[in-house]
Structures are given as C-alpha cells and as structure tokens.
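>>> fold the stuff below for me.
(one chain, ligands or ions: 2)
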Amino acid sequence: MASATVTEVLQRKPKNFAIQTNPAHDLHLIEADVPEPGPSECLVHVRATGICGSDVHFWKHGAIGPMVVCGENGLGHESAGVVIKTGKDVTRFKVGDRVALECGIPCSKATCYYCRTGQYNACPDVVFFSTPPYHGTLRRYHAHPEAWLHHLPDNLSYEEGSLLEPLSVALAGIDRSGLRMGTPLVICGAGPIGLVTLLAAHAAGAAPIVITDLDENRLAKAKSLVPRVRSVLVGRGVESADLGKKIVDTLGEEARLVIECTGVESSIHAGIYASAFGGAVFVIGVGKDFQNIPFMHLSSKEIDLRFQYRYHDTYPKAISLVTEGLIDLKPLVTHRFKLEEGVEAFGVASNPAARAIKVQIIDE
Ligand SMILES: NC(=O)c1ccc[n+]([C@@H]2O[C@H](COP(=O)([O-])OP(=O)(O)OC[C@H]3O[C@@H](n4cnc5c(N)ncnc54)[C@H](O)[C@@H]3O)[C@@H](O)[C@H]2O)c1
Ligand SMILES: OC[C@H](O)C(O)[C@@H](O)CO
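Ligands and ions are numbered 1, 2, ... in the order given. Now for the predicted structure:
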C-alpha cells in the first residue's frame, strides 16, 4: 500500500495536539505548531506513546532531582510512529517507514568525552525529550533527528516500539550489573521497570528470581508474565532487615544480585540485607535526593551499591530480543487512550486503584 503523503496526513489530522505540564502542575492538552523537519530530521506522526512514571512525576511533583519543570513542558519519551516527511540530508529513512524514537539526543561532538567514548547517556548537553526544558514526544507530530530513529521491523507494533524505551532501561541495567545464567536474583518493585527487568532477566537466564512489591496485583502480573518467579509481598512498616531475611528465605539463598526498581529507601535497604557477601545491589529506581544506607553492613559484606542512568546502544538489542521472540512486551499494556484523551490517561496512570501497568496513548 502506498504511504500517505504529509499533505494527506495533515488534511486528515491537522491539529498537532500535545500534552503539557507546568510549574503549577496543570496538565493540559495544547495545540502546537506542526514542526518543519531540519535537514537531518524526519517529521514523525507519533502513533503510540507510553506514559512513564517520570511523566507523572514531572506533572505531580514538578521535578526529578535536578530536573525541574520551569515552564510549559511537553511530556512523553516512550514513542513510536511513522515517518511522514524527511529533511533534505536524510538518507536512512523514507516516508512510510515505521520507527521507534530514541529520545535522548546527545551532542555527538568529538570534543565530548562521553559521546566520543560511547557513554552518550552521560553527555552533559543531551537533549532528552520531555526532560525540562525540552518538550516530549507525546504529541501528534514531532521532528526527530534521523540518527536517533530506529527502523521498526514489520512484526513489531507501534506499542511494542514505544515499549523499547523501558526495555532499554532494563537492558542497560542488566548489562552493567553483570547478570549471568544462574545468577540468583532479586528484583525490588513490580512496576513497569521491574516487570520489564523481570522479562529481560528471565530471558538472560537468571535463576532463581524473586520479585517484591507492596501491591498484590503487581505481583500477580509478574507471575503471569514469568510463572517461575517467586514473589514477596512487602508489608508497610516492616523492618528492612526482617524483609531482607524473608526475601532470602523465598529465594532459597542470599542474592548475588539485586536489581532495585523502586528508588524507595526502605526497599533499597531490604535489597542490601538480602545480598550475599560480595553481591551487588544495582539501583535503577530513582527517589529522594538524600538517602541513608546501612553503611557497615555494606562494608562488612563487600556489597557493591551501583546505579543506572538511562541507557546507551540498547535499542538495536531491544529490537532483536522482541523480534526474535525472547521478550514479549505486549502484556504490559493495560490501558489505551486517544491523544485527545491524554489528560484522562494520566489520571489512570497515576491512580493506583486503576491497576494500570502501562498506559498507552494511541493516535491512529
Ligand atoms: N535510572 C533510570 O534511568 C530510570 C529510567 C526509568 C525509570 N526509572 C525509575 O525506576 C523506578 C521504577 O519505575 P516504574 O515506572 O516501574 O515506577 P512505578 O512507580 O510504576 O513502580 C514502582 C513499583 O514499586 C513498588 N514499591 C514502592 N515501594 C516499594 C517497596 N518499599 N518495596 C517494594 N516495592 C515497592 C510500587 O508498588 C510499584 O509497583 C522509578 O523510580 C522510575 O523513576 C529510572
Ligand atoms: O527512561 C528515561 C527516564 O524516564 C528519564 O531519565 C527520566 O527519569 C528523567 O528524564
């Protein structure tokens, strides 16, 4: 079937709706201009965007650590879509190509140590769409540098394309954590990041695996995704050392690796107490600016406490893992909304009673 031209698409859907927040925590739908792609950019009709916890955080709290919402700020960075127009220097994409958007655009200068050495997630001049002051990709039309678009194989839906972003976070963490086949693993938190980490760790051969959460429904979801996972329901107010012991009992041994996906201090502590001598607690979750650590416990058990910040070079790997059938991201999507219903979608994503895992905003 011939691809629709930009004129046809814009005739059918002329309004470039976007979801924005601001320092007054006012989440709203706006109509933005349709951007003209630069010479090395593609204009993308964004077809699917997942709502991330950080989007909710920017809306409700106005900041994540040093990233502070200072003005009108468009949200969304888990997106996939179709190219509807190309800049004059674009060589790898044509109109009609289906793409996943990698939303952190580093400076890529040879003078940038981090870009030069491949650690582009550390580029100090990165433009990360949706992180203030940059608008996000939760909009109908978005101009994206061709270098940071990835071809979406035919057997991957736009939704799966958007889920490559949280999968990227998990893959980056798993890669740097040194997880191996047979590593006894604990995953703290069964939100989207914990669940994607579970899928990836299962595919990578971690065994046995325990996952924790405060929410029984999320643990049930984990079990439905990976039946062999063992779950620990975290009671509020339980001492972290006691919880650590319960996790060890459930795992059957002390953990060689804990991948922490909540950023909550007590959960990090429980992970530390569940670790073996020489083990590692690898923190993906983000949380309070200052947190205490059980210093002498870490010291006397030589437990490494390490962190992950976004990702680099994960999209091609993520695409292969999903295309080859090792990781199925589809069951993570629990709710779907139209772009025009974006504010309502955020209401569901931020309401625990709605039991959402991944809320998607779809624009046909
Ligand atoms: N490092 C990075 O680059 C990066 C990237 C993406 C997301 N994140 C962070 O990862 C974390 C997880 O993201 P998400 O989208 O899954 O968030 P989420 O809030 O949807 O899920 C967190 C889960 O942790 C559970 N939880 C809370 N306190 C707990 C406790 N004490 N013990 C066990 N479970 C507990 C919650 O019930 C929830 O299910 C967030 O902090 C997010 O900001 C970090
Ligand atoms: O996956 C990317 C993360 O959600 C972002 O780094 C966010 O936490 C702040 O921009």
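
>>> all contacts plus neighbour counts: C-alpha atoms, from now on.
Will do.

>>> quick one: neighbours of whichever residue of the chain sits closest to ligand 2, just the number.
Among all residues of the chain, residue 131 sits closest to ligand 2, at 4.5 Å; criterion: CA to the nearest ligand atom. When neighbours are defined as other CA atoms under 10 Å, residue 131 has 24 of them.

>>> cool, residue 230 as well?
Neighbours around residue 230, by other CA under 10 Å: 18.

>>> pairing partners for it in the sheet, please.
With DSSP bridges as the criterion, residue 230 is bridged to residue 210.

>>> ok, and the closest non-adjacent residue to residue 116?
Leaving aside its sequence neighbours, residue 116 sits nearest to residue 110 (CA to CA, 6 or more residues apart in numbering; 5.5 Å).

>>> Provide the secondary structure category for that neighbour.
Secondary structure, DSSP: H, G, I helix; E, B strand; the rest coil: residue 110 is coil.

>>> how much space between it and ligand 1?
Plainly put, residue 110 is 24 Å away from ligand 1 if you go by CA to the nearest ligand atom, to the nearest Å.

>>> where does that residue fall, phi/psi-wise?
Here is the backbone geometry of residue 110 (degrees, to the nearest 10): phi -70, psi -20.

>>> quick one: neighbours of it, just the number.
Counted with other CA under 10 Å, the neighbours of residue 110 add up to 10.

>>> that one and residue 120 touch, don't they?
No. Counting by CA atoms under 8 Å, residue 110 does not reach residue 120; the two are 11.5 Å apart.

>>> which of the helices or strands spans the spatially most central residue of the chain?
By CA atoms, centre = their mean, the chain has its centre lying nearest to residue 166, at 2.7 Å. Using DSSP states H and E, residue 166 sits within helix 158-177.

>>> now tell me what touches that helix from outside.
With contacts defined as CA atoms under 8 Å, 6 or more residues apart in numbering, helix 158-177 is touched by 47-50, 77-81, 98-102, 152, 192-193, 196-197, 200-201, 257, 259, 280, 282, 284, 308, 310-312, 314-315, 318-319, 329-330, 360.

>>> show me those residues that map onto strands.
Taking DSSP state E, the ones among those that sit in strands are 47-50, 78-81, 98-101, 257, 259, 280, 282, 360.

>>> ok, of those residues, which come out buried?
Neighbour-count burial (16 or more other CA atoms under 10 Å) applied to those gives 47-50, 78-81, 98-101, 257, 259, 280, 282, 360.

>>> get me the contact residues on this protein for ligand 2.
By CA under 6 Å from any ligand atom, the residues of the chain that approach ligand 2 are 54, 131, 169, 310.

>>> 5 Å - rerun?
Where the chain comes near ligand 2, counting by CA under 5 Å from any ligand atom, the residues are residue 131.

>>> get me the contact residues on the chain for ligand 1.
Residues of the chain that fall close to ligand 1, judged by CA under 5 Å from any ligand atom: 53, 189-193, 213-214, 261-263, 267, 284-286, 308-310.

>>> ChimeraX command for the buried members of these?
The buried residues among these can be selected in ChimeraX (16+ other CA under 10 Å) with this line:
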select :189,190,191,192,193,213,261,262,263,267,284,285,286,308,310
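
>>> low-confidence ranges, the chain, go.
1-2 (pLDDT under 70).

>>> residue at max distance from the center of it?
Ranked by distance from the centre of the chain (CA atoms, centre = their mean), the top residue is residue 300, with 33.7 Å.

>>> quick check on that one: phi, psi?
Per degrees, to the nearest 10, the backbone of residue 300 is at phi -70, psi -10.

>>> ok, it to residue 185 distance?
Note on residue 300: its distance to residue 185, by CA to CA, to the nearest Å, is 21 Å.

>>> repeat for residue 126
Per CA to CA, residue 126 is found 33 Å from residue 185.

>>> the more surrounded of the two?
Neighbour totals were compared for residue 126 and residue 185, and residue 185 leads with 28 against 16 (other CA under 10 Å).

>>> hey, what's that one bridged with?
residue 209, residue 257.

>>> quick check: it touching residue 209?
Yes. Between residue 185 and residue 209 there is a contact under CA under 8 Å: 4.8 Å.

>>> what about the strands in the stretch 201-350 of the chain?
Assigned by DSSP state E, counting those that start in this stretch, the strands in the stretch 201-350 of the chain fall at 209-213, 230-233, 255-260, 275-283, 304-307, 333-338.

>>> what angle separates the third one from strand 209-213?
Translated: strand 255-260. Using axes from the mean of the first three to the mean of the last three CA atoms, to 10 degrees, the direction of strand 255-260 lies 30 degrees away from that of strand 209-213.

>>> strand 255-260 vs strand 275-283, what angle?
Here the directions of strand 255-260 and strand 275-283 differ by 20 degrees (the same axes, to 10 degrees).

>>> list the contacts of residue 48.
Going by CA under 8 Å, 6+ apart, residue 48 touches 79, 80, 81, 158, 159, 161, 162, 360, 361, 362, 363.

>>> kindly recompute the last result at 7 Å.
79, 80, 81, 158, 159, 162, 360, 361, 362, 363 (CA atoms under 7 Å, 6 or more residues apart in numbering).

>>> ok, the residues you listed vs residue 275, which is closest?
For those, the minimum distance to residue 275 (CA to CA) is 33.4 Å, reached by residue 162.

>>> quick one: residue 116 from residue 314, how far?
For residue 116 relative to residue 314 (CA to CA), the value is 17 Å.

>>> now residue 141
For residue 141, the distance to residue 314 - CA to CA - is 25 Å.

>>> good, we can wrap up now.
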